[in-house]
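Participant: Sequence first, predicted model second:
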Amino acid sequence: MNADELLAFHRVFCGRAYRLCAAKNHDYAGAKGQSPFRNFESIDALGIASTETGFLVRMADKLNRLVTFVNDGKLAVKNEGATDSLLDLINYAVLLAAFVHDTEETND
């Protein structure tokens, strides 16, 4: 793979992540997307951990699946492979960045 091929792959892969984020946000935040961080904020509302920590826990879950994949060369759940975990990681990173951005704007 050369640099141009890498950037083309990046565009396509992140496009997949974007479409997945839109679909999952519908499911987690409601059809109108009124609260895109709802499932993470509920962690804070329940007194379990901060919203930011909720994002990191989910990211750690995906990283642990990827460690298993790297070490074992396979995952047991057939309909959710390593690529799915990588897409989720992209989306969790974007969600966390958006949440931090929103929090900083709200506090300004």
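Facilitator: Okay, I see it. All values reported here derive from a predicted model rather than from experimental measurement.

Participant: center of this protein, which residue is that?
Facilitator: With distances taken as C-alpha atoms, centre = their mean, the residue of the chain nearest its centroid is residue 92 (2.4 Å).

Participant: which non-adjacent residue is nearest it?
Facilitator: residue 59 (4.8 Å; C-beta to C-beta, 6 or more residues apart in numbering). (Glycine included, C-beta is placed from N, CA and C.)

Participant: returning to what we had before: quick check: which element contains the residue nearest to the centre of the chain?
Facilitator: Following DSSP states H and E, one finds residue 92 within helix 82-107.

Participant: Give me the helices and strands touching that helix, please.
Facilitator: Counting contacts by 3 or more C-beta pairs under 8 Å, 6 or more residues apart in numbering; DSSP states H and E, the secondary-structure elements packed against helix 82-107 are helix 3-29, helix 51-72.

Participant: pLDDT of the last one, averaged?
Facilitator: In this model, helix 51-72 has an average pLDDT of 96.
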